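In: turn this into a model:
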Amino acid sequence: MPKAKKASDTAWEFLRKNPDYISDWRHFGTMPAIKNDTRPFNIYEQHPSDQSAEKWGLFAFQAPMASPESATPFWSIAPTLEAEVVHGSQPSLLPMLREVGAKITGLLLLNGNIILKVGHDATTVQVRIKDAKAFDKTSGLFLRLPLDLRLPVRLTRSMDLWKIAAGEQFKKVENLTIRTMTSFSSFLMASSTAKATAR
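Out: Numbering: from 1, shown residues only. So this is what the prediction gives:
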């Protein structure tokens, strides 16, 4: 059975062949360098010139010759969860992710935050972590889900991260979480419609 293709891989296949992107990469791009870091996953650094990659939906330029298998694009247009570090979390997040064979990479942003990209099978989740220096193999994450019309997307992404990290245990809470998401999404949409009608 062929391996399912990630949406981000398909997007990268198109972008890396775009002549305008290639031109911008040659003009602005820097090769993503791995930061010398003690954490148990590769961390790349965002450079000032990478800000020009924003128009392509990226946090940093990626060399066009990189195949989907070897590329590590960090998408600024992808739904990205917001998180803060929790110390002394049990179980810790990184060991859980390693145990299920997830691929973990990070991008250190100019403002000191880190974008953590977690991939497993056909699912990829991005998380923006504040206080990135404090995030290590003993840490957990506290996800922040603002109450807005993008909440269903944020909840779905948080479910994806939990599904990757928890593996088989995820099935025990999946149906309850889906029901909660559906109910809350319906409530938000009804509230939004009522406000629009009242104007």
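In: thought G112 was touching I129?
Out: No - under the criterion of C-beta atoms under 8 Å, G112 makes no contact with I129, lying 10.0 Å away. Where C-beta positions appear, they are placed from N, C-alpha and C, glycine not excepted.
In: OK, contacts around the residue nearest the centre of the chain?
Out: By C-alpha atoms, centre = their mean, the chain has its centre lying nearest to Q126, at 0.6 Å. Contacts here follow C-beta atoms under 8 Å, 6 or more residues apart in numbering; on that basis Q126 touches 74-75, 78-81, 115-118.
In: so R26: helix, strand or coil?
Out: Of the three states, R26 takes helix under DSSP: H, G, I helix; E, B strand; the rest coil.
In: how many residues are close by it?
Out: R26 has 10 neighbours, counted by other C-beta atoms under 10 Å.
In: same thing with L110?
Out: Residues within reach of L110, counting by other C-beta under 10 Å, total 12.
In: and the one 5 residues further on, by the same measure?
Out: Neighbour count of I115, defined by other C-beta under 10 Å: 24.
In: that older thread, just checking: what are the partner strands of the helix or strand the residue nearest to the centre of the chain falls within?
Out: Per DSSP states H and E, Q126 falls inside strand 123-130. Applying DSSP bridges, strand 123-130 is found paired with strand 80-86 (parallel), strand 114-120 (antiparallel).
In: same for the helix or strand following that strand, what does it pack against?
Out: Later in the chain than strand 123-130, the nearest helix or strand by DSSP H and E is strand 140-144. Helices and strands touching strand 140-144, by 3 or more C-beta pairs under 8 Å, 6 or more residues apart in numbering; DSSP states H and E, are strand 80-86, strand 123-130.
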